[in-house]
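Engineer: Fold the stuff below for me.
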Amino acid sequence: MITRSQVLTRFRTPAEAARKLGITRQATQEWKGSDAPVPPERVLPIYQATRGAVTPHELRPDLYPDPDWLPPLEPQEPSGADSSREVA
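Structural biologist: Prediction:
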């Protein structure tokens, strides 16, 4: 099982992890050094944010016992896209 602390190593910075996972930067600080399992509601966002590099089974085998089951990946935003910008 991949722990919270190990998840953070998959991102360039804690800020990137917070942004991509929809958690606060404070939460990423709490995840550092934590051997606790990833919360169930964060499993699929982590899978999506890592583009499948970390599978649901690796994160929570108790919840996702089938290592071959993988949900479809959502389309990735183009590199450099600013999602906060409004389109006219």
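Engineer: so where is the chain shaky, pLDDT-wise?
Structural biologist: 77-88 (pLDDT under 70).
Engineer: Provide a list of residues in contact with the spatially most central residue of the chain.
Structural biologist: By CA atoms, centre = their mean, the chain has its centre lying nearest to Ile46, at 1.9 Å. Residues near Ile46 by CB atoms under 8 Å, 6 or more residues apart in numbering: Val7, Arg10, Leu21, Val38, Val54, Leu59. For glycine as for every other residue, the C-beta is placed from the backbone atoms N, C-alpha and C.
Engineer: Try it again at 6 Å.
Structural biologist: Contacts here follow CB atoms under 6 Å, 6 or more residues apart in numbering; on that basis Ile46 touches Val7, Val54.
Engineer: Give me the next element, helix or strand, following the top helix by length along the chain.
Structural biologist: Using DSSP state H to define each element, the chain has its longest helix at helix 40-49. Sequence-wise, the next helix or strand downstream of helix 40-49 (DSSP states H and E) is helix 56-59.
Engineer: Run through who's touching that next one.
Structural biologist: Ile2, Val38, Val43, Tyr47, Tyr64, Pro67.
Engineer: Against Pro61, how distant is the first one?
Structural biologist: Here Ile2 is placed at a distance of 10 Å from Pro61 (CB to CB, to the nearest Å).
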